[in-house]
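A.B. asks: Fold the following, please.
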Amino acid sequence: MAIALEQLETMFESIESKSGWDTDAPLLWGYFFTDEDAGKLESVAGFLSEGGYRVVGIHEADDGSTAFLHVEKVEQHTPRSLFERNKVFDALAEQFGIASYDGMDVGPVPAERPPDGSK
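C.D. replies: Below you'll find the predicted structure:
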């Protein structure tokens, strides 16, 4: 996917100016992977779960053409650390032979979830 570092820097500026979230604090980061075969995504989900990511779910597109894996973790990122995380996840998609690492989203840490990501 290769999101440029400059794009991530702009994204961080936008997060702070539009949402008011403090990007110097932990936030809830969601990460997405895709493949035609949901079974292949289950292997990635297990691997990421062992690494401390919470598996939100594997969902198929309405037309059944693509499956999406959504994992999340409370983390603190800078544009550079997120750039590096994206490179790791691109390589992970290649390692597991899935179609793609499809990117990320971010939100505030829910009140019921502590910053360390534990349940």
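A.B. asks: How about stretch 4-23, which residues are buried there?
C.D. replies: Within stretch 4-23, the residues that count as buried by 16 or more other CB atoms under 10 Å are Leu8, Met11, Phe12, Ile15, Trp21, Thr23. Where you see a C-beta, it was placed from the backbone N, CA and C, and this is true even at glycine.
A.B. asks: so where's this structure shaky on pLDDT?
C.D. replies: 1, 113-119 (pLDDT under 70).
A.B. asks: Could you identify the helix or strand that succeeds the lengthiest helix in it?
C.D. replies: Longest helix in the chain by number of residues (criterion: DSSP state H): helix 79-96. Using DSSP states H and E, the helix or strand that follows helix 79-96 in sequence is strand 100-107.
A.B. asks: and Ala99, what are its phi and psi?
C.D. replies: phi -60, psi -50 (degrees, to the nearest 10).
A.B. asks: ditto for Asp37
C.D. replies: Phi and psi for Asp37, reported as degrees, to the nearest 10, are phi -110, psi 110.
A.B. asks: Spit out the contact partners of the residue lying closest to it once chain neighbours are set aside.
C.D. replies: Closest residue in space to Asp37, ignoring its immediate chain neighbours: Ala67 at 6.9 Å, by CB to CB, 6 or more residues apart in numbering. Listed by CB atoms under 8 Å, 6 or more residues apart in numbering, the contact partners of Ala67 are Thr34, Asp35, Glu36, Asp37, Ala38, Leu41, Ile58, His59, Glu60, Ala61.
A.B. asks: so the fifth one makes contact with Ala61?
C.D. replies: Translated: Ala38. No. Using CB atoms under 8 Å, Ala38 is not in contact with Ala61; the gap is 10.6 Å.
A.B. asks: all strands for this structure, in order.
C.D. replies: For the chain, the strands defined by DSSP state E cover 27-35, 54-60, 67-75, 100-107.
A.B. asks: Tell me which of these lies nearest to Ala4.
C.D. replies: Ala4 sits nearest to strand 100-107 of all the strands of the chain, at 12.6 Å, using CB to CB.
A.B. asks: so the residue nearest to Asp37 bridges to which residues?
C.D. replies: Judged by DSSP bridges, the bridge partners of Ala67 are Asp35, Glu60.
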